[in-house]
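K.L.:
Structure, please.
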Amino acid sequence: MTRLLTHPEIEWREDGTPVATAFGDVYFSVEDGLSETRAVFLRGCGLPGAWAGRRQFTVAETGFGTGLNFLALWQLWREHRPHPQARLSFVSFEAFPLKAEDAARAFETWPELRPQADQLLARWPGPVRGVRHLLFEEDGIDLILHLGEIAQMLPASRFQADAWFLDGFSPAKNSGMWAEEIFPLIAARSAPGARAATFTVAGDVRRGLAAAGFEVQKAEGHGRKRQRLEAFYPGEAAVPAPPRRVAVLGAGVAGACVAHRLALAGVEAVVFDPSPEVASGASGNPLGLMMPRLDAGETVEARLLIDAYLAARDFYRGRPGAALTDVRQPPRNETEVKRFEKLLADRPFPLEDLEAIAGGGLLHKRAVILRPGQIVRSLLEGVELRLGASPEVDLAARRVNGEAFDAIVIASGMALRTLLPGIELTGRQGQVEHLTGAVEAPPSAIASGTYCIALGQERLWGATFEPAGEDGSAAISEAARAENLEGIKSLSPWWVHEAQRGGAVSRASVRATTPDRLPLIGPAPDTEVISALWARGTEPEAWPVLPGIHVVGGFGSRGFTWAPWAAGIVVSALCGGPAPADMPSLRAVNPSRQILRRLKKAR
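P.N.:
Numbers count the residues shown, from 1 in each chain. This next block holds a predicted model:
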């Protein structure tokens, strides 16, 4: 299985209808494709009435295709959004994602959808296997695309849909999308009272839905189709209320992303930090570089690193303090030359994002140079801040400084260890050198073990990665300054002589790092209860957690990469939305893994 997905071959008929040649079927009819979407899927699922009064509503779809159904739903949501803070999540699956130019050509048929189509096209995902999370903040919409074969992606997904658009090519031409084993998975991911709609009335589809527990009935068709299907998943919809107030411990990028996402969902966030200023710790460097970490093999860890990077790149897109750049990564040694060759033989990114350069190196396109302080401050605009004093936290009572909260999110770096003694973190000090007043330069960067950045009249290089002091504090050192200078000489940017002339200001900070170098994202484990269950030989399906307590941390030197992805996961869990990640990734970053690993090792 190759890491990149295959774009479909599209044949365009004279009337503008796109046909997938591999399946011999049309994506939509130019004649009445949009009206068919509205009749079959929107009205078939009782929309917009079904989301009346809801703060969170989730629609799932079995084939994204051109995105027409999503755009039609988006338009309807803008016209009938039930509440200014209401959220619409759209979860879709696609094994053969279109090229952006094919999608753009398809959208030309529907000028009335142009406002939504232009926004989607500007962020159209590439053919990278995994989970893409696109957030359209103005309209309160999350688009979560599971890119890969549905037989693999649907079992690994985690959500509860309130409505289903069952929209693949016809069952006779795309049997995989309508396979017998798909229907129980659809039922398992349906909320009680969910409705499903599809254009097909094929007997296998009717029987599959009925066997999975749906009540199925034929309805009057649309256009040339005499009939269509509507289905209902029995049960009373139990709509959980989102939290009203959430305490966020930490005013770095992790806490800022969480608070920002909570505010978008209409949840009051209160941010606590002992420092008098936001972004005063590891998030406070003058400049930062966000680029992918790529592994040659296809593993859970390799994929979640890509998912997090692409989610972060999309999140920072267009924000003040973020500038796109290309990053050159020369190999450090012959071993790395071979690793890069292996990586490029089965590339994880298309040419738009990654290519080879002379000398056996890599060119990472569309990476991001960040102004961390500016990013964090913009994310915290309008959020209540309690800075300058260490908060008194009672996790069991969900109280901070005596105030009660519906939930607490711990995003406090190394302070995690104090609140959750079962968590393993190591402090790693990183020192960078920053120079201002240099020759004006466009955004550029080189990275290979160490890194150097140029942006305007600023230069930054480093960073060291050394054990922090016993007290957890950071200290600037001449040894680290010399190490950084040697590193920039080896990278040899055109401005290396500017750096050698002196005048740079050093800055050191401590980064919280886990033993396995993966972050901690999710519900806080109840260490005592887990240990007691383990001692009795009990292994439940889900390990006990502290109610209403969530963790985002252990990001190491990749805080700005992990933070948006982590915030999406935690806030979706708090507000009852679909997880913007697959279950293997969620297990890999679950904070409980550390405790279980220690218990297994002890056994």
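K.L.:
Strands of the stretch 101-250 of the chain, start to end?
P.N.:
Taking DSSP state E, counting those that start in this stretch, the strands of the stretch 101-250 of the chain run over residues 130-136, 141-147, 161-165, 190-198, 215-220, 227-232, 245-249.
K.L.:
Which strands or helices does the third one pack on?
P.N.:
Pointing back at strand 161-165 there. Here strand 161-165 is seen to pack against strand 56-61, strand 190-198 when contacts are counted using 3 or more C-beta pairs under 8 Å, 6 or more residues apart in numbering; DSSP states H and E. Every residue, glycine included, has its C-beta placed from N, CA and C.
K.L.:
And for that strand, what's in contact with it?
P.N.:
Residues from elsewhere that reach strand 161-165 (C-beta atoms under 8 Å, 6 or more residues apart in numbering): 41, 45-47, 50-51, 54, 57-62, 69, 91, 186, 189-191, 193-198, 231, 237, 578.
K.L.:
Buried ones among the residues you listed?
P.N.:
Neighbour-count burial (16 or more other C-beta atoms under 10 Å) applied to these gives 41, 45-47, 50-51, 54, 57-62, 69, 91, 186, 189-191, 193-198, 231, 578.
K.L.:
For the closest residue to Ala241 other than its chain neighbours, give its distance to Gly284.
P.N.:
Nearest non-adjacent residue to Ala241, counting by C-beta to C-beta, 6 or more residues apart in numbering: Arg55, 7.8 Å away. Applying C-beta to C-beta, to the nearest Å, the value for Arg55 to Gly284 is 35 Å.
K.L.:
one step back: so which of the helices and strands packed on strand 161-165 is nearest Glu138?
P.N.:
Glu138 lies closest, by C-beta to C-beta, to one member of the helices and strands packed on strand 161-165: strand 56-61, at 17.2 Å.
K.L.:
in its sheet, what does the helix or strand harbouring His550 sit against?
P.N.:
Secondary structure assignment for His550, by DSSP states H and E: strand 545-553. Within its sheet, strand 545-553 is paired with strand 407-410 (parallel), strand 520-525 (antiparallel), according to DSSP bridges.
K.L.:
out of these, which comes closest to Thr109?
P.N.:
That would be, of the strands paired with strand 545-553 and by C-beta to C-beta, strand 520-525, which comes in at 41.0 Å.
K.L.:
contacting residues for Leu189?
P.N.:
Check again: residue 189 is Arg, not Leu. 60, 154, 157, 159-161.
K.L.:
Make a markdown table from those residues and add distance to Met291 and pLDDT to it.
P.N.:
Rendered in a markdown table, the data for the contacts of Arg189 read as follows (distance: C-beta to C-beta, whole Å; pLDDT from 0 to 100):
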| residue | distance to Met291 | pLDDT |
| --- | --- | --- |
| Ala60 | 33 | 98 |
| Leu154 | 31 | 97 |
| Ser157 | 28 | 98 |
| Phe159 | 30 | 97 |
| Gln160 | 35 | 97 |
| Ala161 | 35 | 98 |
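K.L.:
Kindly provide the distance from the residue sitting furthest away from the middle of the chain to Glu478.
P.N.:
Distance from the C-alpha centroid of the chain peaks at Arg501, with 41.6 Å (C-alpha atoms, centre = their mean). Distance from Arg501 to Glu478, counting by C-beta to C-beta: 17 Å.
K.L.:
Walk me through the domains of the chain.
P.N.:
10-232, 240-287+371-426+514-603, 288-370, 432-502 (automatic domain parsing).
K.L.:
Looking at the ones you listed, spot the one closest to Leu4.
P.N.:
Among these, domain 10-232 comes nearest to Leu4, with 5.2 Å by C-beta to C-beta.
K.L.:
Point out where this protein drops to low pLDDT.
P.N.:
29-31, 169-170, 172, 223-224, 470-471 (pLDDT under 70).
K.L.:
What strands line up against the lengthiest strand in the chain, and which way round?
P.N.:
When the chain is parsed with DSSP state E, its longest strand is strand 426-448. Here strand 426-448 is paired, per DSSP bridges, with strand 322-329 (parallel), strand 450-462 (antiparallel), strand 466-467 (antiparallel), strand 505-513 (antiparallel).
K.L.:
buried set for that strand?
P.N.:
Neighbour-count burial for strand 426-448 [16+ other C-beta under 10 Å]: 426-435, 438, 441, 443-448.
K.L.:
all strands of the stretch 251-400 of the chain, in order?
P.N.:
Secondary structure of the stretch 251-400 of the chain (DSSP E, counting those that start in this stretch): strands at 268-273, 288-290, 322-329, 354-357, 361-370, 384-387, 393-394, 399-400.
K.L.:
Relative to Val409, which of those is closest?
P.N.:
strand 268-273 (8.4 Å).
K.L.:
could you say what helices and strands that closest one packs with?
P.N.:
Packing contacts for strand 268-273, counted by 3+ C-beta pairs under 8 Å, 6+ apart, involve strand 245-249, helix 253-264, strand 384-387.
K.L.:
Out of these, which one sits most buried?
P.N.:
helix 253-264 (a mean of 28; mean count of other C-beta atoms under 10 Å).
K.L.:
Give me the distance from that one to the chain's centre.
P.N.:
Per C-alpha atoms, centre = their mean, to the nearest Å, the displacement of helix 253-264 from the mean C-alpha position of its chain is 14 Å.
K.L.:
same deal with stretch 23-35?
P.N.:
The chain centre lies 31 Å from the centre of stretch 23-35; the measure is C-alpha atoms, centre = their mean.
K.L.:
Name the residues of it that are buried.
P.N.:
Buried residues in stretch 23-35, defined by neighbour count with 16+ other C-beta under 10 Å: 23, 26-29, 33-34.
K.L.:
any chance of those in CSV, with secondary structure too?
P.N.:
Below are the buried residues of stretch 23-35 laid out as CSV (DSSP: H, G, I helix; E, B strand; the rest coil):
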residue, secondary structure
Phe23, coil
Val26, strand
Tyr27, coil
Phe28, coil
Ser29, coil
Gly33, helix
Leu34, helix
